[in-house]
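Enquirer: Sharing a model that was predicted from the sequence below.
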Amino acid sequence: MKRLLAALLLVATPVLADTVVMNNGTTIEGTVSEKDGKVVVKKKNGIEITLDRADIAKIEVGNSLRDEYAKKKADLVPGDPEPRYALAQWCKDKGLTGEQKEMLEEVLKLSPDHAAARRDLGYVKDGDQWITEDAYRKKLGYEKVNGKWIPAADAKRQKRQEEIKKLLVRFALAWPKKDKKAEQAKAELDALAHDDPGVVGPAVEERLGEHDAGVREQLVELLGKVKAKSSAPKLVSMVFEDEDRDVRLTAAKAAWALEDVAARTKIVQSLFASKKAIRERAGDALGCVQDPLTIPYLIEALYLVTIQEVVKDDEPPISRGWNGVRAEGNFGNYYVQAGETQTETKVVFLYSNKCHAALKEMTGKDFDFSKHDWFEWWEKEGKAKFLKKDGDKGAAAPAK
């Protein structure tokens with residue numbers, strides 16, 4: 001009966017506080033009590049204001065509340081842990097953190113295995129012993145990072161990533177100045193790339209939008225060194241979209257260094273894209289990469305042939321062959337089905353200077369834009385000279 005009476009008194013007694021601070025920053029002064037789960041503030045003029053707990057940021061405790069706590073504490077039954085636990089809960093509701101802890105510790109003195117008090121103090125059961133939750137999680141191999149418990153290996157990795165991100169910011173600021181600090185930051189990045197490539201890759205990829213082209217070039221080069229295959233799509237994109245040629249070519253080298261088949265194939269296939277700018281950048285990239293396996297594709301992409309319709313009056317007559325229109329080009333005759341219409345057509349050659357330049361640089365040969373001569377040389381001499389024989393270490397088939 002005494003326990004029940006004490007619990008009822010704890011609930012029914014008004015709570016005094018100096019100031020209620022709302023979430024929006026406003027304050028209300030008065031006497032605070034609880035009713036039906038709401039906080040009621042009775043101001044000095046007698047007006048009562050009912051508030052939701054969710055709208056309250058904090059209740060600033062005044063001496064009057066602590067005086068009431070002291071009175072409740074003095075009225076506790078000696079040797080009984082339950083009224084002390086009830087008072088601890090009262091303290092928690094009223095923001096008396098220190099007093100709450102004091103009561104919980106008194107509960108444990110009287111009842112060391114009091115589960116609720118142990119829980120409120122942050123203890124968990126480990127076999128037959130009570131240990132703090134922090135100690136228990138550490139025992140299980142977890143570590144707290146930014147308020148969350150994560151596996152220790154992930155925590156180490158996350159901390160490492162934060163260190164690398166800070167270093168990358170410092171590098172991006174220093175590199176354009178080309179001073180000792182820039183060289184030092186670059187050396188640190190290279191060392192990290194060697195020691196922990198798996199962490200460096202994702203952090204570097206986040207910085208590829210740097211304004212300074214020199215910084216971007218260094219970063220894409222670093223991705224090639226760490227062989228960050230997850231960055232392959234981004235590197236291929238930069239091969240065709242970056243505004244700086246040096247960055248584009250470095251991105252091509254980096255993409256090739258990843259040894260990613262999909263990335264290499266994407267660049268090679270772009271030799272035959274419909275847009276001239278893409279074809280030329282693909283040829284430029286492969287000329288920089290200098291991979292002999294790409295030679296046949298560069299030869300095939302020296303020029304593309306397309307058929308365009310033209311108005312008769314705008315073009316000279318085209319000699320007609322059997323069952324179609326014959327157009328004479330640099331490399332032979334092309335026949336186009338005439339159909340029933342009278343529209344004339346012409347053959348257009350789309351030449352790639354970048355492919356031609358790449359072939360010259362890679363092979364030391366120059367057969368102009370003659371695919372026939374290039375392919376003849378490739379079959380007779382080039383293939384044996386530039387490609388390893390089947391079975392040799394490092395041999396690979398051309399991408400398709």
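Expert: Nice, I can see it. As the structure is a computational prediction, the values presented were derived from the model and not from experiment. Numbering: from 1, shown residues only.
Enquirer: mind checking how far G209 is from R245?
Expert: Computed as C-beta to C-beta, to the nearest Å, the G209 to R245 distance reads 18 Å. Heads up, the C-betas are built off the backbone N, CA and C, glycines and all.
Enquirer: Among the two, which residue is more densely surrounded?
Expert: The neighbour comparison of G209 against R245 (other C-beta atoms under 10 Å) goes to R245, with 12 against 8.
Enquirer: confidence score at that one?
Expert: pLDDT recorded at R245 is 95.
Enquirer: what sits against it?
Expert: By C-beta atoms under 8 Å, 6 or more residues apart in numbering, the contact list for R245 reads D284.
Enquirer: Just give me the neighbour total for A262.
Expert: Other residues close to A262 by other C-beta under 10 Å number 12.
Enquirer: so it is in which element?
Expert: Using DSSP states H and E, A262 maps to helix 261-269.
Enquirer: mean confidence score for that helix?
Expert: Per-residue scores along helix 261-269 average to 94.
Enquirer: Residues touching the helix or strand following it, excluding its own?
Expert: As assigned by DSSP H and E, the chain's next helix or strand after helix 261-269 is helix 276-289. Contacts to helix 276-289, defined as C-beta under 8 Å, 6+ apart, come from residues 239-240, 245, 248-249, 252-253, 256, 267-268, 270-273, 294, 297-298, 301, 304, 350, 352-355, 357-358, 361-362.
Enquirer: between helix 276-289 and helix 261-269, how many degrees?
Expert: 120 degrees (axes from the mean of the first three to the mean of the last three C-alpha atoms, to 10 degrees).
Enquirer: before we move on, back to that, buried by neighbour count, from the contacts of helix 276-289: which ones?
Expert: Among these, those classed as buried by neighbour count (16 or more other C-beta atoms under 10 Å) are 239-240, 248-249, 252-253, 256, 267-268, 270-271, 273, 294, 297-298, 301, 304, 352, 354-355, 357-358, 362.
Enquirer: out of the residues you listed, which are inside strands?
Expert: L304 (DSSP state E).
Enquirer: so of the buried ones among the contacts of helix 276-289, which ones are in helices?
Expert: Taking DSSP state H as the definition of helices, those contribute 239-240, 248-249, 252-253, 256, 267-268, 297-298, 354-355, 357-358, 362.
Enquirer: any chance you could map the strands in the chain?
Expert: 15-22, 27-35, 38-42, 48-51, 56-60, 123-126, 129-132, 142-145, 148-151, 303-310, 320-321, 324-329, 332-336, 344-351.
Enquirer: Worst mean pLDDT among these?
Expert: Minimum mean pLDDT among those: strand 320-321, a mean of 40.
Enquirer: For the residue lying closest to K42 once chain neighbours are set aside, give the beta-bridge partners.
Expert: Leaving out its chain neighbours, the residue that sits closest to K42 by C-beta to C-beta, 6 or more residues apart in numbering is T31, at 4.5 Å. Beta-bridge partners recorded for T31 (DSSP bridges): L16, K42.
Enquirer: on that earlier part again, take the strands of the chain and lay them out in JSON lines including distance to K177.
Expert: Output for the strands of the chain, formatted as JSON lines (distance: least, C-beta to C-beta, whole Å):
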{"stretch": "strand 15-22", "distance to K177": "48"}
{"stretch": "strand 27-35", "distance to K177": "51"}
{"stretch": "strand 38-42", "distance to K177": "58"}
{"stretch": "strand 48-51", "distance to K177": "57"}
{"stretch": "strand 56-60", "distance to K177": "46"}
{"stretch": "strand 123-126", "distance to K177": "53"}
{"stretch": "strand 129-132", "distance to K177": "49"}
{"stretch": "strand 142-145", "distance to K177": "34"}
{"stretch": "strand 148-151", "distance to K177": "38"}
{"stretch": "strand 303-310", "distance to K177": "45"}
{"stretch": "strand 320-321", "distance to K177": "67"}
{"stretch": "strand 324-329", "distance to K177": "54"}
{"stretch": "strand 332-336", "distance to K177": "58"}
{"stretch": "strand 344-351", "distance to K177": "43"}
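Enquirer: So which of the ones you listed is nearest V200?
Expert: Smallest distance to V200 across the strands of the chain (C-beta to C-beta): 19.4 Å, for strand 142-145.
Enquirer: Grab the CA positions of the closest one and hand them over as CSV.
Expert: C-alpha atoms of strand 142-145 as CSV (Å, rounded to 0.1, in the frame of the first residue of the first chain):
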residue,chain,number,x,y,z
TYR,A,142,31.7,-2.7,-33.2
GLU,A,143,32.8,0.9,-33.0
LYS,A,144,30.7,4.1,-32.6
VAL,A,145,31.1,6.6,-35.5
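Enquirer: which of the residues in that strand are buried?
Expert: So, applying 16+ other C-beta under 10 Å, buried residues of strand 142-145: 142-143.
Enquirer: And for stretch 277-294?
Expert: Going by 16+ other C-beta under 10 Å, stretch 277-294 has these buried residues: 278-289, 291-294.
Enquirer: Now the two most distant members of those.
Expert: I278 and P292 (22.9 Å).
Enquirer: Can you give me the distance of the nearest residue in space to L219 that is not next to it in sequence to L192?
Expert: Excluding its sequence neighbours, the residue lying closest to L219 (C-beta to C-beta, 6+ apart) is V204, at 5.3 Å. Look at V204 and L192: by C-beta to C-beta, they are 10 Å apart.
Enquirer: shared neighbours of those two, which are they?
Expert: I164.
Enquirer: So which of the two has more stuff around it?
Expert: V204 (26 against 21).
Enquirer: How much space separates the closest residue in space to N353 that isn't next to it in sequence from A232?
Expert: What sits nearest to N353 in space, not counting adjacent residues and going by C-beta to C-beta, 6+ apart, is E280, at 7.2 Å. According to C-beta to C-beta, E280 and A232 sit 22 Å apart.
Enquirer: just checking, what's the longest helix in the protein?
Expert: Max-length helix for the chain by DSSP H is helix 152-174.
Enquirer: now what about that one, what contacts it?
Expert: Counting by C-beta under 8 Å, 6+ apart, 141-145, 150, 181-182, 184-186, 188-189, 192, 196, 199-200, 202-204, 206-207, 210, 212, 215, 218-219 sit against helix 152-174.
Enquirer: and that helix, which residues are buried?
Expert: 155, 158, 160-161, 164, 167-168, 170-172, 174.
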